[in-house]
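Chemist: Please find the sequence and the predicted model below.
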Amino acid sequence: MHVWKFGGTSVGKPERMRSIRNLITEDNTRKVVVLSALSGSTNALLAIGESLKASNDDDANAKIDALKAHYDTFVADLYATEAGKAAGQQVIDSEFSFIRSLVGIKPFTLKQEKELVAEGELLSTQLFQAYLAEEGVPSALLPALEFMRIDADNEPEIKFTEETLAEMLPAHDDKQIIVTQGFICRNPRGEVDNLKRGGSDYTASLIGGAIRADEIQIWTDIDGMHNNDPRIVKNTFPVRELTFDEAAELAYFGAKILHPSTITPARMFGVPVRLKNTMEPAAPGTLIADRTSSEVFKAIAAKDGITALYIHSTRMLNAYGFLRRIFEIFEKYKTPVDMLATSEVSVSVTIDNTDRIQEISDELSTFCTLEEPDHDQTIICIVGNFSADNEGVALKVFNAMQNIPIRMISYGGTESNLSLLIHGKYKADALNALNDGLFAR
Ligand SMILES: Nc1ncnc2c1ncn2[C@@H]1O[C@H](COP(=O)(O)OP(=O)(O)O)[C@@H](O)[C@H]1O
Ligand SMILES: N[C@@H](CC(=O)OP(=O)(O)O)C(=O)O
């Protein structure tokens, strides 16, 4: 069995939805089809939530009207028959009646916001299934809210998904196509929640791992993982093969094509992930598995909004246990550290989540001296085959970066990653310079 995920860009227009109907039926493999919300819907729903949080009901109602008008037009175009249009309209009327019921709830809490934002995937999947029905394609709609759950640390409970799907799927053994929602889940309180922005990729990978799928395919609007951010750099090209580790680094460090956690379940259960282009289905895309190709430099990604902390201790000379004390504080405040550089008496670290920075700084200050943190930093992550015997890797990177100030360097943590910390204002220059220096063809 396969798991195929189609992102917002692949379901965002009626003609795209029609083309994914062709894609999933032309291929004979039985599959779970995971859909995101229509592109723009999640942002539109969040904007409605912002108005409701601000008790601006008129504003919220106007935004709801505009979004509903978008769906009305979508339905009028997608379905060919009167019966199809009526089925689509019924989905919209029912979901928008729920959305409207949220107006006036005061205070408008995070719980309601999560219910509101889940409507994007609830709408897209029901509209798609009604379209498959109109086309005479048998399918089942499996509610993700019944089998996708996160724990108190916001981590998906894959065992629960595995057991629940094992109970639910046999009822649909006669169906080749099982449609479900990406992104949405329940939390330990049983409330509607989600896997964070872009989380439908993660849903697909969690399902793929849970059912031990033969392959997970992520369908989007580009032919696979490119060697650099195509939104910033011209002349990027698709990377045909990546290992799970290489892809995980790129996704974590900013390659927007994949949610940062997507690779974890796929790697855990050894399920290959293929990135494919809905607009160009014949293109090979990118295969993420155990194999790797032989190029030294494979791809670059950049993660913005990073904060660097500079920690000094005079007691570090010949001291042991200092790093442990520092990292216990980051652990206590559930704040992951991304990059690290040490000298005999100093440690510099970067964090992405600054929610608890005040508490962390206060505790560090009891045994360290802290410099002012630097905000608006960017981590540039370069991925490739950097085995210890490979000479000249760092030289090529530094040559390319010769006109860009570098604040931190991390090399040797794995044999596949070299990371640099720079100020965010140099990001575009750095990505372009590295593209010219490392990938000139
Ligand atoms: N290294 C990269 N390779 C491919 N695409 C990338 C990369 N970095 C950023 N992107 C962007 O990711 C986009 C696809 O991801 P996303 O917008 O989340 O799609 P979807 O809506 O299908 O989930 C592409 O259109 C591209 O602009
Ligand atoms: N709709 C959600 C989940 C998602 O994964 O979307 P997409 O596949 O379009 O990135 C979001 O916008 O975050």
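Modeler: Structure received. Residues are numbered from 1 along each chain as shown. Ligands and ions are numbered 1, 2, ... in the order given.

Chemist: State the pLDDT value of the residue found closest to residue 369 once you drop the neighbours it is linked to in the chain.
Modeler: Closest residue to residue 369 apart from its sequence neighbours, by CB to CB, 6 or more residues apart in numbering: residue 312 at 4.5 Å. From N, CA and C alone the C-beta is placed, and that goes for glycine too. Residue 312 carries a pLDDT score of 91 in this model.

Chemist: again with residue 389
Modeler: pLDDT, residue 389: 85.

Chemist: could you measure it against residue 398, distance?
Modeler: From residue 389 across to residue 398, the span is 19 Å (CB to CB, to the nearest Å).

Chemist: just the helices in the stretch 151-300 of the chain please.
Modeler: With helices called from DSSP state H, counting those that start in this stretch, the stretch 151-300 of the chain shows them at 158-168, 200-210, 244-252, 263-269.

Chemist: Nearest to residue 281, out of those helices?
Modeler: helix 200-210 (17.2 Å; CB to CB).

Chemist: is the helix or strand containing residue 130 up against ligand 1 anywhere?
Modeler: For residue 130, the host element (DSSP states H and E) is helix 110-134. No. Shown here: helix 110-134 not in contact with ligand 1 (CB under 6 Å from any ligand atom), separated by at least 11.4 Å.

Chemist: Check whether stretch 256-272 comes near ligand 2.
Modeler: No. Judged by CB under 6 Å from any ligand atom, stretch 256-272 and ligand 2 are separated, with a smallest distance of 6.5 Å.

Chemist: Any buried residues in that stretch, and which?
Modeler: Neighbour counts using 16 or more other CB atoms under 10 Å place 257-267, 269, 271-272 of stretch 256-272 among the buried residues.

Chemist: What is the nearest of those residues to residue 96?
Modeler: Closest approach to residue 96 among the buried residues of stretch 256-272 (CB to CB): residue 259, at 27.6 Å.

Chemist: OK, contacts around the closest one?
Modeler: Taking CB atoms under 8 Å, 6 or more residues apart in numbering as the contact definition, residue 259 lies against 195, 196, 198, 199, 200, 201, 202, 251.

Chemist: Make TSV from the residues you listed and add distance to residue 93 to it.
Modeler: Shown next, in TSV, are the contacts of residue 259 (distance: CB to CB, whole Å):
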residue	distance to residue 93
195	28
196	30
198	29
199	27
200	25
201	30
202	31
251	38
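
Chemist: Give me the buried subset of these.
Modeler: Among the contacts of residue 259, those classed as buried by neighbour count (16+ other CB under 10 Å) are 195, 198, 199, 200, 201, 202, 251.

Chemist: separation between the fifth one and residue 106?
Modeler: Okay, so that is residue 201. Distance of residue 201 to residue 106, given as CB to CB: 35 Å.

Chemist: Can you show me the strands along the stretch 301-441 of the chain?
Modeler: Secondary structure of the stretch 301-441 of the chain (DSSP state E, counting those that start in this stretch): strands at 337-342, 346-351, 369-370, 374-384, 408-411, 417-423.

Chemist: and ligand 2, which of the contacts of residue 259 reach it?
Modeler: Among those, the ones lying near ligand 2 by CB under 6 Å from any ligand atom are 198, 199, 200.

Chemist: Looking at those, which is nearest ligand 1?
Modeler: Distance to ligand 1, by CB to the nearest ligand atom, is smallest for residue 198 among the ones next to ligand 2 among the contacts of residue 259, at 5.3 Å.

Chemist: which regions of this structure lie under the pLDDT threshold?
Modeler: 314-319, 441 (pLDDT under 70).

Chemist: Next to ligand 1, which bits of the protein? Give me the list.
Modeler: Applying CB under 6 Å from any ligand atom, we find that the chain lies next to ligand 1 at 7-10, 36, 39, 198, 220-222, 225-226, 229-231, 255-257.

Chemist: Write the PyMOL selection for whichever of those are buried.
Modeler: Buried residues among the residues of the chain next to ligand 1 (16+ other CB under 10 Å), as a PyMOL selection:
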select buried, resi 7+8+9+10+36+39+198+220+221+222+225+226+229+255+257
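
Chemist: How about the residues of the stretch 101-250 of the chain by ligand 2?
Modeler: Residues of the stretch 101-250 of the chain lying near ligand 2 by CB under 6 Å from any ligand atom: 120, 182, 183, 197, 198, 199, 200.

Chemist: hmm, which two among these are most spread apart?
Modeler: 120 and 198 (12.6 Å).

Chemist: what does stretch 327-341 contact?
Modeler: The contact list for stretch 327-341 (CB under 8 Å, 6+ apart) reads 153, 303, 306, 347-353, 355-357, 359-360, 363-364, 379, 408-410, 419, 421.

Chemist: ok, now with 7 Å
Modeler: Stretch 327-341 is contacted by residues 306, 347-353, 356, 359-360, 363-364, 379, 408-410, 419, 421 when judged by CB atoms under 7 Å, 6 or more residues apart in numbering.

Chemist: Ok, stretch 50-62 next?
Modeler: Contacts to stretch 50-62, defined as CB under 7 Å, 6+ apart, come from residues 48, 63, 102, 103, 104, 106, 108.

Chemist: Span of that stretch from start to end?
Modeler: Stretch 50-62 has its terminal residues 13 Å apart, counting by CA to CA, to the nearest Å.

Chemist: thought residue 361 was touching residue 370?
Modeler: Yes. Using CB atoms under 7 Å, residue 361 is in contact with residue 370, at 5.8 Å.

Chemist: Many thanks, we can stop here.
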